[in-house]
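*Asks:* Just need the structure, nothing else, for what follows:
(one chain, ligands or ions: 1)
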Amino acid sequence: MKITVIGTGYVGLVTGVTLADIGHEVTCVDINEAKIKLLNNSISPIYEPGIEELIKKNIEEKRLQFTSNLATAVQISEVVYIAVGTPQNEDGSANLSFIKEASKKVAHSLIKDSVVVVKSTVPIGTNRKLEKMINQLSNYNVSIVSNPEFLREGSAIEDVYSGDRIVIGSDDKNALEIIVKINKEFNVPILKTELESAEMIKYASNAFLATKISFINEIANLCEKTGASIREVSKGMGMDTRIGSAFLQAGIGYGGSCFPKDTAALTQIAGTYSQDFHLLKSVIEVNQKQQLKLVEKLLTIYPSIEDRKIAVLGLAFKPETDDIRDAASTQIIKALLKQKADVYAYDPIACENSQKLFGDTVKYYDQIADVLDNAEAVLIITEWNSIKKITAKQFKKSMKNPIVLDGRLLFDQEEMKNESVSYYSIGEGRSYV
Ligand code: UGA
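*Replies:* Residues are numbered from 1 along each chain as shown. Below is the predicted model:
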């Protein structure tokens, strides 16, 4: 089938590339011409394992092309996907200006009846409004289908082929069947729903996962006080298949471009219906506090960290991405700089993005040794493999004071103790610090 995907951000690019890979003829559109140039040279503007190989392969096999010309792309396609960003407004609500703009352009470009698929995360009820708007602006009949995405950054390609479900919502049964057919080759269970249900499934899923994380973090904080170990507790809880072991990893909270934005939007949406979503508000509050746990702990060890060299290992909001949006690292670095610490940070790929925020107030390195050397404490922020491999001996040998504050539960407590490293790990009632 001939498909156009509008927006080559994270969602749009992965959608376009994988649809091409299962055999569709895909044109990806973006207003950013520099991006289009990169993509036509098989260079991905986002870091995502495996994506460049797929871009190259599908361009070569003539199933994938990139352009800035939206009108032509819409006119040559049978189905149009919209996958533009819906960033957060100051009041927490989703900013719909990009999706409205894209929908208007689609409406003005149409030369036949069409199906428009919305991948972007939008507040419940938005797709129905967009459908009305497009139909008012064009002379053709347009059916909207909501097809939210459930991909995780860093494993997005893998997630497309081994997802738990594909959700497709629409009022138009014919449109639904067209999109079911497009997705068949992915071999993933398909759930057909009403338009509003599809929109809600996306928000509710992210909100539920965020809730699991804040819940386990609260339990971790209680473990510290009561002498229990969160590592054992998470394991024991996760063995109950009714609970499940996923998203029970305690630490310094969730970040990224999705959970913080979508939880804020859902509480805001509830508010517009006069529903006070207490539970989700607490989830957000717990997360904000949790991101600063390590700094809090550090200040109990050193009442002043002014001019002390503090090492920060990991900047990305999780491994296998260079994304630092709403990452714990940004809150942590801000707090350390406020206390006038000398901050040295390591990340294998996210330094550049962090540097755009903090400039030369932070010293950035892509070698762990440079950051640990002579440091008076180290904060473990992201569970990169390179960080997991550091040994207690290395901490002991390189640092001025071997104080390790672990926000991702990466190291063995006994090993640290044997090397006389002061080790604090979130949720451990028996930390050696
Ligand atoms: C999340 C969802 O997992 C995807 O299903 C969804 O499609 C995506 O948002 C989205 O809405 O676009 P993502 O933000 O890429 O995906 O990352 P996750 O792997 O879910 O991790 C989010 C954050 O939670 C990370 O900061 C991670 O460190 C943290 N986390 C995750 C924990 O603290 N504990 C856990 O047990 C799991």
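
*Asks:* Report the contact partners of the residue nearest the centre of the chain.
*Replies:* The centroid of the chain falls nearest to Gly256 when counting by C-alpha atoms, centre = their mean (4.1 Å). Listed by C-beta atoms under 8 Å, 6 or more residues apart in numbering, the contact set of Gly256 reads Glu153, Phe317, Lys318, Asp323, Arg325, Asp326, Ala327. C-beta: built from backbone N, CA, C; applies to glycine.

*Asks:* can you list those residues in CSV and add neighbour count?
*Replies:* What follows is these, written out as CSV (neighbours: other C-beta atoms under 10 Å):
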residue, neighbour count
Glu153, 23
Phe317, 28
Lys318, 20
Asp323, 23
Arg325, 17
Asp326, 21
Ala327, 30
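
*Asks:* out of those residues, who's near the ligand?
*Replies:* When contact is defined as C-beta under 6 Å from any ligand atom, those meet the ligand at Glu153, Phe317, Lys318.

*Asks:* moving C-terminal of the helix or strand hosting Leu357, what's the next helix or strand?
*Replies:* Assigned by DSSP states H and E, Leu357 belongs to helix 351-358. Proceeding N to C from helix 351-358, the next assigned helix or strand is strand 363-365, under DSSP H and E.

*Asks:* Which strands or helices does that following strand pack on?
*Replies:* Contact partners of strand 363-365 among helices and strands, from 3 or more C-beta pairs under 8 Å, 6 or more residues apart in numbering; DSSP states H and E: strand 342-346, helix 351-358.

*Asks:* Compare the ones you listed and report which one is nearest to Ser42.
*Replies:* Proximity to Ser42 (C-beta to C-beta) singles out helix 351-358 among the helices and strands packed on strand 363-365, at 21.1 Å.

*Asks:* so what secondary structure elements neighbour the host helix or strand of Asn287?
*Replies:* Using DSSP H and E, Asn287 falls within helix 278-290. With contacts taken as 3+ C-beta pairs under 8 Å, 6+ apart, helix 278-290 sits against helix 195-226, helix 259-272.

*Asks:* Tabulate those helices in CSV, adding columns for mean neighbour count and distance to the ligand.
*Replies:* Output for the helices and strands packed on helix 278-290, formatted as CSV (neighbours: other C-beta atoms under 10 Å; distance: least, C-beta to the nearest ligand atom, whole Å):
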stretch, mean neighbour count, distance to the ligand
helix 195-226, 19, 5
helix 259-272, 20, 5
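
*Asks:* Out of those, flag the one nearest Tyr424.
*Replies:* helix 195-226 (9.1 Å).

*Asks:* Now the element after the closest one, going C-ward?
*Replies:* helix 230-238.

*Asks:* Any residue of that following helix touching the ligand?
*Replies:* No: Helix 230-238 stays clear of the ligand (C-beta under 6 Å from any ligand atom), getting no nearer than 8.2 Å.

*Asks:* Up against the ligand, what does the chain have?
*Replies:* Where the chain comes near the ligand, counting by C-beta under 6 Å from any ligand atom, the residues are 149-153, 206, 209, 213, 247-249, 251, 254-256, 258-259, 317-318.

*Asks:* quick revisit: dump the helix holding Asn287 to PDB, restricted to CA.
*Replies:* Extracted in PDB, the C-alpha atoms of helix 278-290 (Å, rounded to 0.1, in the frame of the first residue of the first chain):
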ATOM      1  CA  HIS A 278      -5.300  12.100  43.100                       C
ATOM      2  CA  LEU A 279      -3.400   8.900  42.500                       C
ATOM      3  CA  LEU A 280      -1.600  10.100  39.300                       C
ATOM      4  CA  LYS A 281      -0.800  13.500  41.000                       C
ATOM      5  CA  SER A 282       1.000  11.500  43.800                       C
ATOM      6  CA  VAL A 283       2.800   9.400  41.200                       C
ATOM      7  CA  ILE A 284       4.200  12.600  39.700                       C
ATOM      8  CA  GLU A 285       5.100  14.100  43.000                       C
ATOM      9  CA  VAL A 286       6.900  10.900  44.200                       C
ATOM     10  CA  ASN A 287       8.900  10.900  41.000                       C
ATOM     11  CA  GLN A 288      10.000  14.500  41.300                       C
ATOM     12  CA  LYS A 289      11.300  13.800  44.800                       C
ATOM     13  CA  GLN A 290      12.900  10.600  43.800                       C
END
